[in-house]
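Visitor: okay, here's the prediction I keep looking at, along with the sequence it came from:
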Amino acid sequence: MVAITINGKFLGAPLNGVHRTAALYARELIRRAGEAHRVQVLAPQGAEVPASFRDLAPSVAKGVFGTGQGWEMLTLPARARGHLLVNFCNLAPLAHGNSVVMIHDAQTFLYPDDYSGRQARAYRVLLPRIARRARKILTVSHFARESLIAHGIGAATKIEVVHNGTNHILAEAEDASVLRRHGLLPGGYLLTIGSTKVYKNLRCVFDAMASPLPGGQRLVVAGGPDEVDYRRAGWRPPEGTIFTGFVSDSELRALYGSAGAFVFPSLTEGFGLPPVEAMHCNTPVVAARAGAMPEVCGDAALLVEADDPQAYREAILTLLEDTELAERQRSRGRHRAAALSWEAAGSRLAELVTALVPAGPGRT
């Protein structure tokens, strides 16, 4: 008899960001909890499982409420009745109280303008209600836990921290064609991740590199929108900035591995995967002293004031000019990244989830 059902709605969307971590968490839970309990992934009809996650082997739950929110809120709880329902992507059905929900951050409360009005309003209404119904709330950092408490999303007694794993980037073989395509040489550029969301704070990196660096290193913005979108937002990318557009995981690994430094200026993050991915790729990191970054990166990154372009520039130049410091930061980065493994995340997750099985009497 099934004891644990994993909400597999994430399999109906591209596996990036939260959806990717959901797939990885699901895999780890099946590996560990599956030794003592029967675990299933339940997905809506039409969900396509990527080849790299065929082992999730989801069961399909057909329903008359579609494959989106109607499926999650109405079909899923009916099909998971009597099971502990585990939800990894912030939302969970209100009709199923015997549940665990992972809420990754409070971004829609902290920066509502960075989300569509409808999405921000829905999250503001739903998240506290979902959290009240759940037996346990998981989140990905102590900073995120404090944010959820501060915004009244969840009670402190219910919230547990499971740090994300980060070593998935090492499963990808480098695709160096992205370097050749953009004329990039090892150490000849700085890397950041593209986004026009205000809290991602790329404006500060653009300002930091407004004048050319002494070594001629260019800025590369991986993923995210085209240059015109940043200019529409009133930001001025430095001359010569390269906007790669979409990159595959293999291309991203190559970009990390050949960058002179990786720069992560977010004003807030519930966790912040990219800096640690860069550390796995032996690249020194400059990050904002904000959000979960001090907790996640520790001394493995040079942390600077989040809204100070000059501080970013000075940290970048220090890494580029002081080879001993750069090598020390690479070593610290490798050590820190190794501690944030999916093995460690899976062990902590299974410990918390299996403690709730079997479900309390009368919960549905």
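Guide: That came through fine.
Visitor: leaving out sequence neighbours, find the closest residue to residue 43.
Guide: In this structure, residue 43 finds its nearest non-sequential neighbour in residue 8, 3.5 Å apart by Cβ to Cβ, 6 or more residues apart in numbering. The C-beta positions use only the backbone N, C-alpha and C, and glycine is treated the same way.
Visitor: ok, the one you found to residue 34 distance?
Guide: Residue 8 is 15 Å from residue 34, where distance means Cβ to Cβ, to the nearest Å.
Visitor: out of these two, which sits in the busier spot?
Guide: Each of residue 8 and residue 34 has its neighbours counted (other Cβ atoms under 10 Å); residue 8 has more, 26 against 14.
Visitor: the more buried one against residue 45, yeah?
Guide: No. Contact criterion Cβ atoms under 8 Å: residue 8 and residue 45 do not qualify, at 11.4 Å.
Visitor: now do the contacts for residue 290.
Guide: Counting by Cβ atoms under 8 Å, 6 or more residues apart in numbering, residue 290 touches 266, 267, 268, 269, 306.
Visitor: hmm, try it at 10 Å
Guide: Residue 290 makes contacts with 143, 199, 201, 264-269, 272, 303-307, as judged by Cβ atoms under 10 Å, 6 or more residues apart in numbering.
Visitor: the residues you listed, buried ones only, as a ChimeraX selection?
Guide: Written as a ChimeraX command, the selection of buried residues from these, which uses 16 or more other Cβ atoms under 10 Å, is:
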select :143,199,201,264,265,266,267,268,269,272,303,304,306
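Visitor: just the contacts of residue 290: which are in strands?
Guide: 264, 303, 304 (DSSP state E).
Visitor: what is the nearest of those to residue 156?
Guide: The shortest approach to residue 156 among these belongs to residue 303, at 26.6 Å (Cβ to Cβ).
Visitor: next, count neighbours for the closest residue to the closest one other than its chain neighbours.
Guide: Nearest residue to residue 303, sequence neighbours excluded (Cβ to Cβ, 6+ apart): residue 289, at 4.1 Å. The number of residues packed near residue 289 is 15, by other Cβ under 10 Å.
Visitor: again, but for residue 58
Guide: Each residue near residue 58 was counted by other Cβ under 10 Å, and the total is 17.
Visitor: contacts only, for it.
Guide: 6, 8, 11, 26, 40, 41, 42, 43, 44, 47, 49.
Visitor: didn't the third one look like it was pressed against residue 45?
Guide: By that I understand residue 11. No. Under the criterion of Cβ atoms under 10 Å, residue 11 is not in contact with residue 45, lying 11.0 Å apart.
Visitor: neighbour-wise, which of the two wins?
Guide: Set residue 11 next to residue 45 and count neighbours by other Cβ under 10 Å: residue 11 wins out with 24 against 13.
Visitor: before we move on, the earlier item: what do residue 8 and residue 45 both touch?
Guide: In contact with both residue 8 and residue 45: 60, 61, using Cβ under 10 Å, 6+ apart.
Visitor: against residue 14, how distant is the residue lying closest to residue 167 once chain neighbours are set aside?
Guide: Distance criterion Cβ to Cβ, 6+ apart; nearest residue to residue 167, sequence neighbours excluded, is residue 341 at 5.1 Å. According to Cβ to Cβ, residue 341 stands 24 Å off from residue 14.
Visitor: neighbour count winner among those two?
Guide: residue 341 (18 against 10).
Visitor: separation between that one and residue 280?
Guide: 10 Å.
Visitor: now do residue 182
Guide: For residue 182, the distance to residue 280 - Cβ to Cβ - is 22 Å.
Visitor: between the two, who's got more neighbours?
Guide: residue 280 (22 against 14).
Visitor: with adjacent residues omitted, what lies nearest to the more buried one?
Guide: Closest residue to residue 280 apart from its sequence neighbours, by Cβ to Cβ, 6+ apart: residue 337 at 4.5 Å.
Visitor: with only the CA atoms kept, save the host helix or strand of the one you found in PDB.
Guide: Using DSSP states H and E, residue 337 maps to helix 323-339. Taking Å, rounded to 0.1, in the frame of the first residue of the first chain, the C-alpha atoms of helix 323-339 are listed here in PDB:
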ATOM      1  CA  THR A 323      46.200  35.000  -7.800                       C
ATOM      2  CA  GLU A 324      46.900  33.600  -4.300                       C
ATOM      3  CA  LEU A 325      43.500  34.900  -3.000                       C
ATOM      4  CA  ALA A 326      41.700  33.600  -6.100                       C
ATOM      5  CA  GLU A 327      43.200  30.100  -5.600                       C
ATOM      6  CA  ARG A 328      42.300  30.200  -1.900                       C
ATOM      7  CA  GLN A 329      38.700  31.100  -2.800                       C
ATOM      8  CA  ARG A 330      38.600  28.300  -5.300                       C
ATOM      9  CA  SER A 331      39.700  25.900  -2.700                       C
ATOM     10  CA  ARG A 332      37.200  27.200  -0.200                       C
ATOM     11  CA  GLY A 333      34.500  27.100  -2.800                       C
ATOM     12  CA  ARG A 334      35.100  23.400  -3.700                       C
ATOM     13  CA  HIS A 335      35.000  22.500   0.000                       C
ATOM     14  CA  ARG A 336      31.800  24.500   0.600                       C
ATOM     15  CA  ALA A 337      30.100  23.100  -2.500                       C
ATOM     16  CA  ALA A 338      31.000  19.500  -1.600                       C
ATOM     17  CA  ALA A 339      29.100  20.000   1.700                       C
END
